[in-house]
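>>> Sharing a model that was predicted from the sequence below.
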Amino acid sequence: MKVAIIGAGVAGAAAVKTILEENHQGLINHVDVFEDRKQLGVGSPYEPDSNQLLMNSYVGDLGFEWQDADHYLRWLQDHYPEYARRDIFSPRPIFGEYIQDYFSPYFEDEIIHVVHQRIHQLKIKSPKSYYLYDAQGKQYGPYDSVLMTVGHPPYADYYNLLGQEGYIHHPYPVEQLLSDLDYQKGIGIIGSGLTGIDIMRYLQDHYPITIDHPVTFYILDQPFSTPKFERYAEDLVFNLNADWIDKQLAQSDGQTIPLEAIFHQFEEDMEANGVDWKSLVERYSQGSIGEGLMAIHQQNRRLSILQLYGRKLTAFLPALNMALSSQDRIRFFKDFMGLFEHFRSQTPAESIAFILQGLKDGRIRIVSGMKAVEVNAQGFTVVTQKGLRYQSGYLINATGFDQNLETAAQHDPLINQMYQEGIIQANPLGGILVDWPHTQVLSQRFGRLEHLYLTGHWIFSTQFGNNNTKLTYKQAEACVKHLLESARDI
C-alpha cells in the first residue's frame with residue numbers, strides 16, 4: 001500500500017512511528033509525508049518561540065512513553081535541568097524540542113519520504129484511490145490511504161477585523177509577530193484564556209508595560225478558568241473509566257449511555273472523594289478576579305480533587321461523548337460544556353497570580369462585556385454592552401478556534417476545496433464529521449470514505465477532549481492500526 005500523511009505535527013509523527021512499529025507484514029511499502037515546515041513532529045503549538053509560552057500540563061504528565069511517566073522529566077534533566085521537576089510547567093518550545101528528538105529517528109526510515117510542500121487539494125478518482133495536489137498543481141498519488149493530520153482550525157474572527165492594520169489575527173510565533181509593536185499606542189488582547197495569558201507574559205517580558213501604558217484584556221464575561229495547583233497525591237475514587245463504559249453499553253445492548261447515568265456516577269465519585277462539587281461550582285464557576293484570588297489564597301484541596309478528576313476523565317471523554325444519544329450530546333454541548341471546560345481546562349496558578357499582580361499594579365486592565373469593535377485612524381475602539389468605549393492601537397486575537405466549518409474552511413485551501421466539493425461535511429456541533437472510533441471522513445457525496453482519516457481539533461465534536469497531545473497521538477496510532485487490520489482482511 002502507498003500511504004500519504006498530510007502534516008507532520010504530533011499526530012503525523014505518531015502515524016509515522018506507528019506504521020514502522022506495526023507494519024510487520026510489509027503491507028505498507030511507501031509513505032509520503034507532506035509538511036511545508038522544516039521541523040518534523042513538532043507542529044505549530046510547539047515551534048521555536050518565546051520561553052514565556054508555557055505548557056498547561058505538568059512536566060510529569062507529558063512524556064510520550066506510556067509505560068514511563070518520567071520520560072520527559074529525564075530528557076529535561078539532560079537538556080534543561082532547571083525545568084526537571086514533575087509539578088511545574090515547562091515552556092512550549094522546550095517541549096517541542098523534546099518532541100522533535102523523540103520522533104526524528106522515525107523519519108529516517110527508507111519507506112518514509114518527506115515532501116516539503118503544502119497540500120491544497122485532494123481528489124477521489126475511484127474508491128480508496130486518492131490524489132493530492134500542491135500549490136503549484138503538482139499531482140501526487142494515487143494513494144490507498146490518506147491520513148489528514150492537519151492540525152487545528154483557524155482562530156475565530158468574531159469582529160470581522162481580518163486584514164485591518166494593527167489587528168493580529170494569529171499571534172504565533174509571538175517573537176515574530178509581536179516583537180515590533182509601538183506599545184505607547186495601546187495594546188489590547190481579545191480573550192483571556194491560555195493564549196491571552198501567553199501573550200501577556202510575552203508582552204510583559206518584551207515591553208515596558210506600566211500604569212501609563214497598560215495592556216487591556218477585552219472579554220465577554222469570564223476572565224479565567226480555575227487555577228491549577230500541584231497534583232493531588234492521594235488515592236482518588238474514579239469510576240468513569242473504560243470498564244464502566246463497557247458495562248453501561250452492555251446493559252443497553254451496545255446502544256447509548258444516558259447523560260443522567262454519567263452525571264449520577266460522577267456525583268457518586270465526588271461523594272466518595274468527600275467533595276461537595278456543587279459548592280465548588282457556586283464558589284469558582286464565574287472565573288472572576290475575586291475567585292482567582294480566593295482560589296490561590298485558599299489552595300482548596302477539594303478543588304484540586306475536582307480538577308484531577310477532570311484531568312483523569314480526559315482520556316475517556318471521546319468514548320463517553322460518542323456513547324451519548326444525539327439528543328443528549330446536543331444537550332451536553334449546549335448546556336454543560338462551558339462549565340465543564342471551565343474546571344477541566346485549568347490555568348496554571350502562577351499565571352493567574354501574574355495577572356492578578358499586574359491588575360494590582362495597574363499594568364493590566366480587564367474590560368468585560370465586549371460587544372463590538374470600530375475601526376478608526378488611531379486603531380480600534382472597543383465598545384462594551386454598557387456603551388463604554390476604549391481606544392487601542394493594536395488588537396491581538398486570542399479568542400480560540402473557529403468551529404464553524406463554513407467560515408473556518410475559507411482560511412485553509414485544502415479544507416475549503418474538500419468542503420466545496422462535498423468531500424467533507426460539517427458536524428452539527430462544530431468541525432468536520434467523521435465516524436467513530438476510526439475517524440474516517442463521512443462525505444455527503446461518497447458516504448464513509450474508507451481509509452481517509454482525519455485527526456486533531458477539526459474533529460473535537462467527535463473526539464471530545466482532544467486538545468491534548470496524548471489523545472492526538474493515540475488517535476493517529478489508532479487510525480494506522482485500523483488501516484493495517486482492514487488491509488489484512490482483504
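Yep, it's here.

>>> the strands in the stretch 351-490 of the chain, which residues?
Using DSSP state E, counting those that start in this stretch, the strands of the stretch 351-490 of the chain run over 364-367, 370-376, 379-384, 389-392, 394-397, 440-443, 447-454.

>>> do you know which of those strands lies nearest Pro173?
Nearest to Pro173 among these is strand 394-397; the distance by CB to CB comes to 13.2 Å. Heads up, the C-betas are built off the backbone N, CA and C, glycines and all.

>>> Could you check the closest one and say which residues are buried?
For strand 394-397, burial by neighbour count (16 or more other CB atoms under 10 Å) applies to Tyr394, Leu395, Ile396, Asn397.

>>> residues in contact with the first one?
In other words, Tyr394. Going by CB atoms under 8 Å, 6 or more residues apart in numbering, Tyr394 touches Gly166, Tyr167, Ile168, Leu181, Lys185, Gly186, Ile187, Gly188, Gly379.

>>> Pull out the buried residues from those.
Buried members of the contacts of Tyr394, counted by 16+ other CB under 10 Å: Gly166, Tyr167, Ile168, Leu181, Gly186, Ile187, Gly188, Gly379.

>>> Just send those back as a markdown table, with pLDDT too.
Output for the buried ones among the contacts of Tyr394, formatted as a markdown table (pLDDT from 0 to 100):
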| residue | pLDDT |
| --- | --- |
| Gly166 | 96 |
| Tyr167 | 97 |
| Ile168 | 96 |
| Leu181 | 95 |
| Gly186 | 94 |
| Ile187 | 96 |
| Gly188 | 96 |
| Gly379 | 95 |
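
>>> Output the residues you listed in JSON lines; the columns should cover secondary structure and distance to Asn321.
As requested, the buried ones among the contacts of Tyr394 are arranged in JSON lines below (DSSP: H, G, I helix; E, B strand; the rest coil; distance: CB to CB, whole Å):
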{"residue": "Gly166", "secondary structure": "coil", "distance to Asn321": "40"}
{"residue": "Tyr167", "secondary structure": "strand", "distance to Asn321": "35"}
{"residue": "Ile168", "secondary structure": "strand", "distance to Asn321": "33"}
{"residue": "Leu181", "secondary structure": "coil", "distance to Asn321": "40"}
{"residue": "Gly186", "secondary structure": "coil", "distance to Asn321": "42"}
{"residue": "Ile187", "secondary structure": "strand", "distance to Asn321": "38"}
{"residue": "Gly188", "secondary structure": "strand", "distance to Asn321": "35"}
{"residue": "Gly379", "secondary structure": "strand", "distance to Asn321": "42"}
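
>>> Show me where the stretch 101-250 of the chain has its helices.
Remark: helices assigned in the stretch 101-250 of the chain by DSSP state H, counting those that start in this stretch are 174-177, 194-206, 242-251.

>>> Report the rounded mean pLDDT for the second one.
What helix 194-206 shows for mean pLDDT is 88.

>>> same thing with the shortest one?
Taken as a whole, helix 174-177 has an average pLDDT of 93.

>>> What of stretch 320-339?
For stretch 320-339, the mean pLDDT works out to 93.

>>> Run through who's touching it.
Contacting residues not belonging to stretch 320-339 are listed as 240, 245, 248-249, 256-259, 262, 281, 285, 313, 428-429, 436-437, 461-465 [CB under 8 Å, 6+ apart].

>>> Restricted to buried residues, select those in PyMOL.
Applying 16+ other CB under 10 Å to the contacts of stretch 320-339, the buried members can be selected in PyMOL as follows:
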select buried, resi 240+245+248+256+257+259+262+285+313+429+461+462+463+464+465
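
>>> Ramachandran angles for the nearest residue to Lys2 once chain neighbours are set aside?
The shortest distance from Lys2 to any residue other than its chain neighbours is 4.5 Å, reached at His30 (CB to CB, 6 or more residues apart in numbering). Main-chain torsions, His30, degrees, to the nearest 10: phi -150, psi 130.
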